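Q: quick one: sequence plus predicted model below, questions after.
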Amino acid sequence: MPVTKAEAVWEGTLKEGRGTMKLPSQGYEGPFTYASRFESGQGTNPEELIGAAQAGCFSMFLAAQLANAGFPATRIHTTANVRIENLVINRIELTTEAEVPGISQELFDEKVQFSKENCPVSKALASVPEVTVNATLRQ
C-alpha cells in the first residue's frame, strides 16, 4: 500500500499565529488559524480534516461490507461533526444515508455498526470517547 503524505506549517504563537495545511496528492493547500479552529474564523482546521477522513473511510468500508454481503450500495453519503472541547476531541457524530436495494434494515444496521468500529480511521481514532452513527437506509 502507498504511504500517504500531508504537511502543515505553523508560524507564530498559538493565538496570533497562522498556518497552512497541504495535501500534495490533490494540490490542496489551505490556511488555518486559532480562530478557524476554536472560533468561527475563516480557513480549515485539523478537526475538519479528521471529519473528512472519518466520513470517507466509513463510507468506503461500509460499501465493502454491503457488497460482501451481496447488497452493493448505489450511493452512500456521510457527514461527520467533530467536537473539540478543552483541547480534546470528545465526540464524532456520523450521519449517513445509503441507497442499498434489497437489504433488510437489520442487516444494514449490522454492517453500519461493524463499519463504525472497524474502518481504519475509526481504529486510529479509538481514543475519542464517543462516536455515534445515525444511519438512514433508502432502497
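A: Great, that's in hand.
Q: any idea how the protein splits into domains?
A: The record, using automatic domain parsing to delimit domains, assigns the chain the ranges 7-38, 46-138.
Q: worst average pLDDT in the ones you listed?
A: Least confident of these, judged by mean pLDDT, is domain 7-38 with a mean of 91.
Q: just the terminal-to-terminal distance for that domain.
A: 20 Å (C-alpha to C-alpha, to the nearest Å).
Q: just the buried residues of that domain, please?
A: For domain 7-38, a neighbour-count test (16 or more other C-beta atoms under 10 Å) marks 19, 21, 32-34, 36-37 as buried. C-betas here are computed from N, CA, C, even on glycine.
Q: centre of the chain to that domain, how far?
A: 19 Å (C-alpha atoms, centre = their mean, to the nearest Å).
Q: contacts only, for the residue nearest the centre of the chain.
A: In the chain, the centroid-proximal residue (C-alpha atoms, centre = their mean) is residue 54; its distance is 2.1 Å. By C-beta atoms under 8 Å, 6 or more residues apart in numbering, residue 54 lies in contact with 80, 82, 92, 94, 121-122, 125.
Q: who wins on neighbours among those?
A: residue 92 (25 neighbours; other C-beta atoms under 10 Å).
Q: give the contact list for the closest residue to residue 21 other than its chain neighbours.
A: Spatial nearest neighbour of residue 21, chain neighbours left out: residue 8 (4.8 Å); criterion: C-beta to C-beta, 6 or more residues apart in numbering. For residue 8, the contacting residues are 19-22, by C-beta under 8 Å, 6+ apart.
Q: cool, thanks, talk later.
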